[in-house]
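1. what follows is a predicted structure for the sequence shown.
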Amino acid sequence: MTRERFSIILALGLVVVMSWAGATGAGAQALAPYTGVIQNHSRHCISIPSANSGATLIVPPGGFIEYVAWNPEFQLIGYSAGRPYYCQIIRVAPKNYQFMCKSYDFLAEIRPEEAPGKPSPGRKNGPAKKPRGEGVEGLG
């Protein structure tokens, strides 16, 4: 009985290995992964959904992560507190970006949007000040 179970398990294992080898063999055309860097220059934690898994990647404020993409052109959407914060279409240029002594295929920088500055108020003319110093005596 145990010999039959062993041969069945061995046969199933062999089927799994052979099917995996056929799927990843030389005949299958797989897309090459593109590795890039996403830098966060804002003060917020940015959440980025991964395109090839169900995970969410978090880029800390002032930090960076390495990101693997499988398409040469993709849309990168970052969320802060559940709301869209950043969106950019990334086009891959293989080994064209240098970051920390490595070559990367793309580089995305998340920068905070600058709010328009308030106009500075004009100079207000107040009452003329009396000179103080030597030779000027007060009434008091």
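-> All right, it came through fine.

2. which strand residues bridge the nearest residue to F106 once chain neighbours are set aside?
-> Leaving out its chain neighbours, the residue that sits closest to F106 by Cβ to Cβ, 6 or more residues apart in numbering is G36, at 3.5 Å. Every residue, glycine included, has its C-beta placed from N, CA and C. Under the criterion DSSP bridges, G36 forms beta bridges with Y67, F106.

3. got a list of what G36 touches?
-> Counting by Cβ atoms under 8 Å, 6 or more residues apart in numbering, G36 touches 66-67, 69, 90, 92, 97, 104-108.

4. lowest-confidence one in these?
-> Among the contacts of G36, Y97 carries the lowest pLDDT, at 76.

5. what is the burial count for S42?
-> Close neighbours of S42, defined as other Cβ atoms under 10 Å, add up to 19.

6. buried ones in the helix or strand harbouring A108?
-> Take DSSP states H and E as the rule and A108 turns out to sit in strand 106-110. Within strand 106-110, the residues that count as buried by 16 or more other Cβ atoms under 10 Å are 106-108, 110.
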